[in-house]
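[1] sequence and computational prediction follow.
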Amino acid sequence: MASPSLQLPDVEAMTAEESLLWAYDEFGADLCLTCSWQKQSSVLVHMISELGLEVPVIELDTQLFFRETYETRGRLIERYGLELIRPEVLTVAEQHRQEGPNLWERDPDRCCHIRKVEPLERALEPFAAWISGIRREQSLTRADAQRAEWSERYGVWKIQPLVDWNAKRVDAYIHVNEIPYNPLHDVGYPSIGCMPCTRPVVKDEDERAGRWGDSDKIECGIHSR
Ligand code: SF4
């Protein structure tokens, strides 16, 4: 899909807050946020609330999150009064019946497509712009992410306010503002996904090295261009 004409201001030079204000002004009700309840979600939910912006929140619940992740979601909902858009996804039992047991072990790309990518495609359909929490330092695959970029794949503008933040800055923002966050980050999980595909990292490993740790896969596919 060709990118619709849009006179992009110098979004790269903006702060995270300024880019959110610009996107809200530009896209209004056609702007949404996705949350996976990692620390970037905590920062963005808080920042959007502090700025007084009404942005719908899409949750991609694979039904395979850690208990701590669901508890974090509950604490953020309670504190910020979030109402979630939750695209339907096959239950894990349905997936076992259709695809065979433990698809994540045999074909994680297909499992991610069924449980994340396809539900996200449906959820983004009504929107023109999508706020996500990805950061350049998370992995090589994210190193050239822009603060605002057109997504050919989803036909939306991606707004990535935290793209130039490092992990220390994220942690500091959370602690200074006393924001609920996923406690797994404190016990060796810099990046948190589904239980079967996430392990803690060891010293000097990449932030995302614990995702699909025994394979070459490092992205679920939702941020592929
Ligand atoms: S992260 Fe693992 S369990 Fe979750 S959707 Fe992807 S392959 Fe499936």
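    That came through fine. Numbering: from 1, shown residues only.
[2] can we go C-alpha only for contacts and neighbour counts from here?
    Fine.
[3] surely residue 8 is in a strand?
    No. Counting by DSSP: H, G, I helix; E, B strand; the rest coil, residue 8 is not part of a strand but coil.
[4] gap between it and residue 168?
    29 Å (Cα to Cα, to the nearest Å).
[5] with residue 55 instead?
    Counting by Cα to Cα, the gap from residue 55 to residue 168 is 26 Å.
[6] over to residue 161?
    16 Å.
[7] got it, and residue 42?
    14 Å.
[8] near the ligand, which residues of this protein?
    62, 104, 108, 111-112, 115-116, 193-194, 196-197, 220 (Cα under 6 Å from any ligand atom).
[9] one step back: of residue 42 and residue 168, which one has the most company?
    residue 42 (23 against 9; other Cα atoms under 10 Å).
[10] now do the contacts for residue 157.
    The contact partners of residue 157, by Cα atoms under 8 Å, 6 or more residues apart in numbering, come to 128-130, 148-151.
[11] return the subset of these lying in strands.
    Among these, the members found in strands (DSSP state E) are 129-130, 148-151.
[12] neighbour-wise, which one of those leads?
    Neighbour-wise, the ones in strands among the contacts of residue 157 (other Cα under 10 Å) top out at residue 129, 27 neighbours.
[13] buried ones in the longest helix seen in the chain, by neighbour count?
    Ordering each helix of the chain by length in residues (DSSP state H) puts helix 67-80 first. Going by neighbour count (16 or more other Cα atoms under 10 Å), the buried part of helix 67-80 is 69-73, 75-76.
[14] next up, the contacts around residue 34.
    Applying Cα under 8 Å, 6+ apart, we find residue 34 in contact with 41, 57-60, 130-132.
[15] what sits up against the longest helix of the chain?
    37-38, 42, 45-46, 49, 82-83, 180-184.
[16] among those, find the lowest-pLDDT one for me.
    Among the contacts of helix 67-80, residue 83 has the lowest pLDDT, at 93.
[17] how about that residue, phi and psi?
    Phi and psi for residue 83, reported as degrees, to the nearest 10, are phi -120, psi 120.
[18] count of residues packed around it?
    Neighbour number of residue 83 under other Cα under 10 Å is 13.
[19] do the same with the one 10 residues further on
    For residue 93, the neighbour count with other Cα under 10 Å is 12.
[20] give me the element it is part of.
    Element membership of residue 93 [criterion: DSSP states H and E] is helix 92-99.
[21] how about the helices in the chain?
    16-27, 39-50, 67-80, 92-99, 103-106, 108-112, 118-124, 167-176.
[22] for this protein, which spans come out with low pLDDT?
    1-3, 212, 214-222, 224-225 (pLDDT under 70).
[23] how close does the residue of the chain most remote from its centre sit to residue 147?
    What lies farthest from the middle of the chain is residue 97; by Cα atoms, centre = their mean that is 28.3 Å. Separation of residue 97 from residue 147 (Cα to Cα): 41 Å.
[24] just residue 56 next, same as before
    From residue 56 to residue 147 the distance is 20 Å (Cα to Cα).
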